[in-house]
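Q: Fold the following.
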Amino acid sequence: MEFIILLAVLALLLFIYVAVGVRIVRPYQRGIVEQLGKYKETIDPGLRIIIPFVQNVRLVDMREQVVDVPPQEVITKDNVVVAVDAVVYYEPTDPQRLAYNVANFILAVTKLAQTNLRNLIGDMQLDEALTSRDTINLHLRQILDDATDKWGVRVVRVELQRIDPPPDVMHSMHEQMKAERNRRALVTQAEGDRTASITRAEGERQSAILAAEGQKQQQILSAQGQAEATRAIADAERYRREAVAAGEANAIKAVYEAIHEGNPTSDLLTVKYLETLGQMANGQATKIIVPTELSGLAGGLASIGALMTNANGNSNDDLPTTGS
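A: Numbering: from 1, shown residues only. Okay, the predicted model is just below:
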């Protein structure tokens, strides 16, 4: 009976030993083994066995975690009080330093983020702080990453959640934004009117140029048409004159040949000459043409006189004689 009790006690002690000495480390954890209060080693995920009451295992979560930085009031460079809060994302890199180098990491990183956030925004104007979120996030992440490196932590990113100015400043900003939008609308409208005026003036100029070009082409074509008409009229007039001259030449030639073939006497020519002079004198001209061949004219007149004398003599001879 005593033997059975002894076995039962041994079995209970073995169960307690196994229950206390067996540790399971999950995949996202790392285990820090302490032996008699002193760091011994870091164990990886899996089933691990330690010496009960001599060794102890502290599990460290290695997943990325987030810390919410509480809102705080910050005074900007232009003396505007704004409420600012942020979130910090970090992941442990060395479980040993995270366990032994900082007592309360969450509190330490929160205070560190608040202090540096106050310093960064305090060096900026309000407008610059509102439009420089990425710059603030980057600078704050670098500062926190450098400060938490000795704690075995890497700061992944920092994000500002809010930058809230006071209500009166918000109202002024809304009014300023409204005025700026009105100004942009007026500028845009003015630019549109200017562009429309330029386009309209350019269209009118092009229209005037095209009209002038059309008028120019019309005048050129009209001048060319008039030139062609004048040339045609001149050619017709030249042809008419040539035809008239040719006809007169033929007529003169025919008259000349007829005169020579008729063998006119000088008396006949003189009579024709005098008739022609008479016709010329009866005209409306203010000038009188006097022939220069006066000797030839005188000779012709003498011949005509002799001819008429002979004609009168012959007429007297032909009259019948009466008795005395």
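Q: Identify each buried residue in the helix or strand V66 falls within, please.
A: If you go by DSSP states H and E, V66 is part of strand 65-75. Within strand 65-75, the residues that count as buried by 16 or more other Cβ atoms under 10 Å are V67, V69, Q72, V74. For the C-beta atoms, the positions are set from N, CA and C on the backbone; glycine is no exception.
Q: The third one and M173, how far apart?
A: As defined by Cβ to Cβ, to the nearest Å, Q72 lies at a distance of 21 Å from M173.
Q: The last one too?
A: The gap separating V74 from M173 is 17 Å, by Cβ to Cβ.
Q: Then the first one?
A: Distance, V67 to M173, by Cβ to Cβ: 30 Å.
Q: now do E128
A: 14 Å.
Q: Show me how the protein divides into domains.
A: The chain breaks down by automatic domain parsing into domains covering 2-61, 65-165, 170-258.
Q: all strands of this protein, in order?
A: Counting by DSSP state E, one finds strands in the chain at the ranges 22-25, 29-35, 38-43, 46-49, 55-61, 65-75, 81-92, 153-164.
Q: Of the ones you listed, which is nearest K111?
A: The closest of those to K111 is strand 65-75. By Cβ to Cβ, the value is 9.2 Å.
Q: and the closest one, which strands flank it?
A: When sheet partners are counted by DSSP bridges, strand 65-75 sits next to strand 81-92 (antiparallel).
Q: Show me how far the partner strand is from its chain's centre.
A: 46 Å (Cα atoms, centre = their mean, to the nearest Å).
Q: Compute the inter-axis angle for it and strand 153-164.
A: Comparing the axes of strand 81-92 and strand 153-164 via axes from the mean of the first three to the mean of the last three Cα atoms, to 10 degrees yields an angle of 160 degrees.
Q: so what's D61 bridging to?
A: Q29.
Q: Would you check how far apart it and V153 are?
A: Relative to V153, and taking Cβ to Cβ, D61 is found at 12 Å.
Q: if I look at the two, which residues touch both of them?
A: Shared contacts of D61 and V153, defined by Cβ atoms under 8 Å, 6 or more residues apart in numbering, are found at P92.
Q: So the two - more neighbours on which side?
A: Between D61 and V153, counting by other Cβ atoms under 10 Å, V153 is the more crowded of the two (24 against 14).
Q: from memory that one sits against V88, does it?
A: No. If you go by Cβ atoms under 8 Å, V153 and V88 don't touch, sitting 10.0 Å apart.
Q: Give me the common contacts of these two.
A: Residues touching both V153 and V88 by Cβ under 8 Å, 6+ apart: V109.
Q: In the stretch 101-250 of the chain, where is pLDDT below threshold?
A: For the stretch 101-250 of the chain, no stretch is flagged by pLDDT under 70.
Q: Now with 80, please.
A: Scanning the stretch 101-250 of the chain for pLDDT under 80 picks out 173, 248.
Q: ranges for the helices of it?
A: Secondary structure of the stretch 101-250 of the chain (DSSP state H, counting those that start in this stretch): helices at 105-122, 126-131, 133-148, 167-262.
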